[in-house]
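Enquirer: what follows is a predicted protein model with its sequence.
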Amino acid sequence: MRILILGGTGFVGRAVADLAVARGDTVTVFNRGRRSPVGGVHVLTGDRTAPGGLDALRTGEWDAVVDTWSADGQVVGAAAGLLRGRAGHFSYMSSRSVYRFDDDDHQPGLDETSPLVSVEDPDYAGHKLRGEHGAQTFDGPVLLARAGLILGPHEDVGRLPWWLHRLRRGGPTLAPGPHDLPLQYIDARDLAAFLLHAAATGLQGPVNTVSRSGHTTMGEFLTVATEVTGGRAQLRWTDPATILAAGIEPWIQLPVWLPPGPLHNMLHCGDVSRAHAAGLRCRPITETIADTWAWLPDQPPQRTDRPTLGLDPHREAHVLAQ
């Protein structure tokens with residue numbers, strides 16, 4: 001296939017480029033040129049937020065386009081419109097954040113028909129929903145890949161990297177419970193495989209692209225990560241109420257973790273039957289963690305448009321002491 005990746009050097013885009021090149025596809029990446037590309041790709045340079053920034057895409061034809069843009073959704077529409085008639089399929093990397101969250105009533109099983117946030121939402125969810133709307137200006141099949149938690153090598157958000165560095169440091173370690181809390185996520189490489197498969201089969205519409213709920217648990221996640229990083233950490237399983245009472249912020253200060261309740265139901269208990277029926281396959285958490293640790297540099301890349309993650313060691317020690 002002839003693949004155009006809008007992005008292609010970061011986390012998910014890089015995984016798509018890696019896999020497509022390995023498969024023998026002809027791969028073009030379009031980005032600002034701030035990071036080194038995958039070997040074997042053709043590079044087009046431009047800033048899609050600037051006037052004339054898409055000029056490098058005014059010629060050329062592709063079988064499939066993958067757009068990983070995560071900021072202002074208006075630029076997605078500009079690219080999709082420009083590529084009308086010159087590509088066969090368009091995949092937009094969206095997010096399950098586009099679903100409307102109601103803290104009073106959010107049960108497990110959220111699917112692609114669930115209510116969405118307002119298109120006027122000024123935050124990340126609104127950007128993603130506006131990106132979905134923009135992608136619809138493409139005149140062929142459009143896949144809206146609504147991912148959730150994404151892990152794996154080259155992660156630049158910092159969730160799994162933070163845990164790996166923390167566990168490598170060792171000693172008594174705050175482990176947020178319960179131990180059997182189900183997690184729902186996807187390895188970026190499995191997401192890449194699904195996006196390329198979707199392009200080849202013409203899959204379209206919104207699809208929740210994460211593992212089944214309980215593909216791993218908080219207990220397995222931290223136990224495997226402890227073993228992979230050398231077994232130095234002593235996990236101290238702590239009740240969610242104790243963690244919340246200490247003012248520790250889930251997801252940010254303890255990445256990946258959300259206490260049982262409506263938000264956990266939304267992020268870790270969604271209905272993914274459509275994606276799995278369409279061919280999504282997810283590797284074991286052991287492989288994701290081991291490969292991320294093998295890749296992980298001393299100072300992993302950190303996106304500047306996302307909050308800094310992790311729990312202060314002194315605060316962690318204070319909670320454990322109590």
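Expert: That came through, no problem.
Enquirer: next, give phi and psi for the residue nearest the centre of the chain.
Expert: The centre of the chain sits closest to residue 150, judged by Cα atoms, centre = their mean, with a distance of 3.3 Å. Dihedral angles of residue 150 (phi, psi; degrees, to the nearest 10) stand at phi -120, psi 130.
Enquirer: ok, it touching residue 190?
Expert: No. With contact defined as Cβ atoms under 8 Å, residue 150 and residue 190 do not form a contacting pair (9.6 Å). C-beta coordinates here come from the backbone N, C-alpha and C atoms, glycine included.
Enquirer: which of the helices or strands spans residue 15?
Expert: Remark: residue 15 resides in helix 11-23, with elements defined by DSSP states H and E.
Enquirer: which parts of that helix are buried?
Expert: Judged by neighbour count using 16 or more other Cβ atoms under 10 Å, the buried positions of helix 11-23 are 11, 12, 13, 14, 15, 16, 17, 18, 19, 20, 21.
Enquirer: so how far is residue 156 from the fifth one?
Expert: Taking Cβ to Cβ, to the nearest Å as the measure, residue 15 falls 12 Å from residue 156.
Enquirer: ok, back up a step: specify which member of the buried residues of helix 11-23 is nearest to residue 37.
Expert: Within the buried residues of helix 11-23, proximity to residue 37 (Cβ to Cβ) peaks at residue 17, which comes in at 7.3 Å.
Enquirer: what's the nearest residue to the closest one if we skip its chain neighbours?
Expert: Spatially, and ignoring its direct neighbours in sequence, residue 17 is nearest to residue 38 (4.2 Å; Cβ to Cβ, 6 or more residues apart in numbering).
Enquirer: in a helix, that neighbour, correct?
Expert: No. Residue state for residue 38 (DSSP: H, G, I helix; E, B strand; the rest coil) corresponds to coil; a helix is not indicated.
Enquirer: could you pull out the helices for this structure?
Expert: Assigned helices in the chain, in chain order: 11-23, 74-82, 124-135, 159-169, 188-201, 218-228, 240-245, 262-268, 273-277, 285-295, 313-321 (criterion: DSSP state H).
Enquirer: just want the angle from the fifth one to helix 285-295.
Expert: Right, helix 188-201. Computed with axes from the mean of the first three to the mean of the last three Cα atoms, to 10 degrees, the direction of helix 188-201 lies at 110 degrees from that of helix 285-295.
Enquirer: now for residue 177, how many residues are close by?
Expert: Burial of residue 177, expressed as a neighbour count using other Cβ atoms under 10 Å, amounts to 20.
Enquirer: try residue 250
Expert: As a burial measure, the neighbour count of residue 250 was computed by other Cβ under 10 Å and equals 18.
Enquirer: that one touches residue 256, doesn't it?
Expert: No. Applying Cβ under 8 Å, one finds residue 250 not in contact with residue 256, separated by 9.2 Å.
Enquirer: any idea how many residues pack against residue 317?
Expert: Neighbours of residue 317 under the rule other Cβ under 10 Å: 13.
Enquirer: ok, now which ones touch it?
Expert: Under the criterion of Cβ atoms under 8 Å, 6 or more residues apart in numbering, the contact partners of residue 317 comprise residue 172.
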